[in-house]
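Peer 1: below is the sequence, then the predicted model.
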Amino acid sequence: MSTSQPDRILKSRTCLLNELLNATSALRKFTACFTGSPQAGDALIEQCLREIVDRQVALIGPSVTLSVFKAVYATQSFVNNFKHLNEMRGGAEDKLLAKVLALAPQQRGALLLVHTTGLSYAAAAEVMGLPDDEVEQLAVDALLQICSRVSPDAKASGRAITIC
């Protein structure tokens, strides 16, 4: 028995909605880590989404998550956020978060895109508009900087480091 046209449309829309929900969840985690707080992250998402809607940006690509991240990363709101990161560092209470926030913005972006959202280096590179090997190096350098700043006691105990 074949499915009807309305059933196929409904199934397609349901799949798209599920993909958008998953993309939004990953984006919220990324922006919370990127900005230093869930509230600042949500505010950034709202600014970026308003800009995407106002500019009528098409979300076209192999996955909804990748398309959403590329669109958000390309907004002026997100670009402007890079310029104001130093002002946002002061309120971080968590030591690891403070270490992540102390990273250069491109290192932080590469690290968080790969390690909080599960994007591959290639997908993160596409989002950031950089070569794959440069994004991989940025993420590796970021991890090395974070680990070099961990207290000797934490290193000796072998405690795992979790990023956001």
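Peer 2: That came through, no problem. Bear in mind that the values here come from a model prediction, so they are computed numbers and not experimental data.
Peer 1: point to the residue nearest the middle of this protein.
Peer 2: Nearest to the mean C-alpha position of the chain, counting by Cα atoms, centre = their mean, stands Phe30 at 3.5 Å.
Peer 1: find me the pLDDT at that residue, would you?
Peer 2: At Phe30, the model reports a pLDDT of 86.
Peer 1: and it, which of the three is it?
Peer 2: Judged by DSSP: H, G, I helix; E, B strand; the rest coil, the three-state class of Phe30 is helix.
Peer 1: surely it meets Thr117?
Peer 2: Yes. In this structure Phe30 lies within contact range of Thr117 using Cβ atoms under 8 Å: 5.4 Å. Backbone N, C-alpha and C define where each C-beta goes, glycine included.
Peer 1: quick one: common contacting residues for these two?
Peer 2: Phe69 (Cβ atoms under 8 Å, 6 or more residues apart in numbering).
Peer 1: give me the neighbour count for the residue lying closest to Leu49 once chain neighbours are set aside.
Peer 2: Leaving aside its chain neighbours, Leu49 sits nearest to Val72 (7.6 Å; criterion: Cβ to Cβ, 6 or more residues apart in numbering). Val72 is flanked by 23 other residues according to other Cβ atoms under 10 Å.
Peer 1: what packs against the helix or strand hosting Val72?
Peer 2: Using DSSP states H and E, Val72 sits in helix 64-73. When contacts are defined as 3 or more Cβ pairs under 8 Å, 6 or more residues apart in numbering; DSSP states H and E, helix 64-73 sits against helix 5-35, helix 38-55, helix 121-128.
Peer 1: please redo it, this time with the cut-off set to 7 Å
Peer 2: Helix 64-73 is packed against helix 5-35, helix 121-128, with contacts defined by 3 or more Cβ pairs under 7 Å, 6 or more residues apart in numbering; DSSP states H and E.
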